[in-house]
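A.B. asks: Got a predicted structure here, sequence first:
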Amino acid sequence: MLKSLLAASALSFLSLSAVAGEPLQLEEVAKFSETRPGNITVTPNGRMIVSMQPLDGPALRVVEVLKDGSKAPFPTQDWADGPEVGELGLSAVIGVDTDSNGVVWMLDMGSDTSAPRLLGWNSETNTLHADLQIDKSALRANSFPQDFAIDEKRGQIYIADMTLGNLAGPSKPAIVIVDLKTGEARRLLEAAEQFISPGRDVVIDGGLMAAKRENGSLNNLRFGLNPIAISDDSKWVYFGTVNGEQIFRIPAAKLADPSVNSADLNTFIEEYGPKKPSDGMTFNPNGGLFVSDIENSAIGLTTAGEYEVLIQDERLSWPDGFDVAQDGYVYVTQNQLHKHPAFNQGVNGAKAPYYVMRFPVPGK
């Protein structure tokens, strides 16, 4: 994200206490006692915006965490409380991010009665910036578009459509590109080899990540393309699968070029570095990618060909969404998602509260 470049001036004093060999301090900054947080973004003017995990059926789809810890509907009550109430409404939101101009982008996955959309809200003026419905031609019946990266240089958003893995329907993940000026959406690289989950089980605290079928048997879950991020210079788009242990990258200029088809795009994908099974990542302004490790309650740093654990803490029970803020901290949501019945063999093993946490950006 370009906005993390603006955080550079805030990093210098923090780097002195967050250098190699010194443990990073993990700090709790917000608590959720009912529904889980999904992803997080912190605007240039310091507003903390959090999506609420749709699996919990939240009354408010997106909230702002105020300075006193209380939650307010975002961007407005009518948008936040869903289409079933009032005149407007977001249906199901996980992906949220902010551009350098303070526009908060929210990716609404839609519902049976509401089309998926990208909603842009200017957090400086508190006004609607854009409402872009995503054309159904760019989606599939089992689409699950949740994470995205903003390319401000080219005016594009790159959405990771995981589809529903082996949970429902065919697994055909793809990147959906939305032009922020025209609203045009294109689906690319569908079912590319690098987007497909490997045949690897995810085991957390001794428990297998699996759904329980109607006949009582278990479906070991395989989730493909999900975490996605863009470098601060908008040169590379990075991505990986949930179950997989590799981060790949592709030139953003190639993704954004409508003259380059999927077959040709495939030749530009390259391996970047290792990771653990993960649900989120973001670019590190000092190089590499912060990436979650859902099996080990940890956060790692992937650089070219290398991986290291930055923080391992039992409080990081399924670290999910990240954001690098201008205050020099990395914010991360924790939501025990693996303990939801959909992922925990039909059993609800989660125990609130859930948290937003933060740690200082490590020095070079």
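C.D. replies: Cool, the structure landed. Numbering: from 1, shown residues only.
A.B. asks: And the helices in the stretch 201-350 of the chain?
C.D. replies: Listed in chain order, the helices of the stretch 201-350 of the chain (DSSP state H, counting those that start in this stretch) span residues 252-256, 262-266.
A.B. asks: closest one to Gly273 among these?
C.D. replies: helix 252-256 (17.9 Å; C-beta to C-beta). C-beta here means a position set from N, CA and C on the backbone, and glycine is covered the same way.
A.B. asks: That closest one - contacts with which helices or strands?
C.D. replies: Packed against helix 252-256 by the contact rule (3 or more C-beta pairs under 8 Å, 6 or more residues apart in numbering; DSSP states H and E) you find strand 145-151, strand 156-161, strand 174-179, strand 236-241.
A.B. asks: Name every strand pairing with the last one and say which way it goes.
C.D. replies: Paired with strand 236-241 in the same sheet, following DSSP bridges, are strand 225-230 (antiparallel), strand 246-251 (antiparallel).
A.B. asks: closest one to Ala115 among the ones you listed?
C.D. replies: For the strands paired with strand 236-241, proximity to Ala115 was assessed by C-beta to C-beta; strand 225-230 is nearest, at 21.6 Å.
A.B. asks: mind listing what the residue nearest to Ser317 when sequence neighbours are not counted touches?
C.D. replies: What sits nearest to Ser317 in space, not counting adjacent residues and going by C-beta to C-beta, 6 or more residues apart in numbering, is Gln336, at 4.7 Å. For Gln336, the contacting residues are 36, 317-318, 349-351, 354, taking C-beta atoms under 8 Å, 6 or more residues apart in numbering as the criterion.
A.B. asks: wait, Ser234 sits on Ala252?
C.D. replies: Yes: if you go by C-beta atoms under 8 Å, Ser234 and Ala252 touch, sitting 5.5 Å apart.
A.B. asks: Pull up the overlap in contacts between the two.
C.D. replies: With C-beta under 8 Å, 6+ apart applied, the overlap between the contact sets of Ser234 and Ala252 consists of 151, 153-154.
A.B. asks: measure the most centrally placed residue in the chain to Met109 for me?
C.D. replies: Nearest to the mean C-alpha position of the chain, counting by C-alpha atoms, centre = their mean, stands Asp147 at 4.1 Å. Asp147 sits at a distance of 11 Å from Met109 (criterion: C-beta to C-beta, to the nearest Å).
A.B. asks: Overlap in contacts, these two.
C.D. replies: Counting by C-beta under 8 Å, 6+ apart, the common neighbours of Asp147 and Met109 are Ile94.
A.B. asks: quick one: contacts for the residue nearest to the residue nearest to the centre of the chain when sequence neighbours are not counted?
C.D. replies: The shortest distance from Asp147 to any residue that is not its chain neighbour, by C-beta to C-beta, 6+ apart, is 4.7 Å, and that residue is Ala160. The neighbourhood of Ala160, defined by C-beta under 8 Å, 6+ apart, consists of 145-148, 173, 175, 225-228, 239.
A.B. asks: nearest to Thr302, of the residues you listed?
C.D. replies: Using C-beta to C-beta, Pro227 comes nearest to Thr302 of the contacts of Ala160, at 10.5 Å.
A.B. asks: residues near the closest residue to that closest one other than its chain neighbours, how many?
C.D. replies: Closest residue in space to Pro227, ignoring its immediate chain neighbours: Met281 at 4.3 Å, by C-beta to C-beta, 6+ apart. Counted by other C-beta atoms under 10 Å, the residues lying close to Met281 total 27.
A.B. asks: ok, now how distant is Met281 from Val242?
C.D. replies: 11 Å.
A.B. asks: so what sits against both of the two?
C.D. replies: Jointly contacting Met281 and Val242 under the rule C-beta under 8 Å, 6+ apart are Pro227.
A.B. asks: related to what we said a few turns ago, hey, which of the strands paired with strand 236-241 is tucked in deepest?
C.D. replies: A comparison of those by mean neighbour count, using mean count of other C-beta atoms under 10 Å, puts strand 225-230 on top with a mean of 26.
A.B. asks: where's it relative to the chain centroid, distance-wise?
C.D. replies: Between the centre of strand 225-230 and the centre of its chain there are 7 Å (C-alpha atoms, centre = their mean, to the nearest Å).
A.B. asks: returning to that earlier point: Provide the partner residues of the residue nearest to Pro227 in its beta bridges.
C.D. replies: For Met281, the beta-bridge partners are Val291 (DSSP bridges).
A.B. asks: was I right about it contacting Gly288?
C.D. replies: No: with contact taken as C-beta under 8 Å, Met281 and Gly288 are classed as non-touching, separated by 9.9 Å.
A.B. asks: Name the residues contacting each of the two.
C.D. replies: Counting by C-beta under 8 Å, 6+ apart, the residues touching both Met281 and Gly288 are Thr302.
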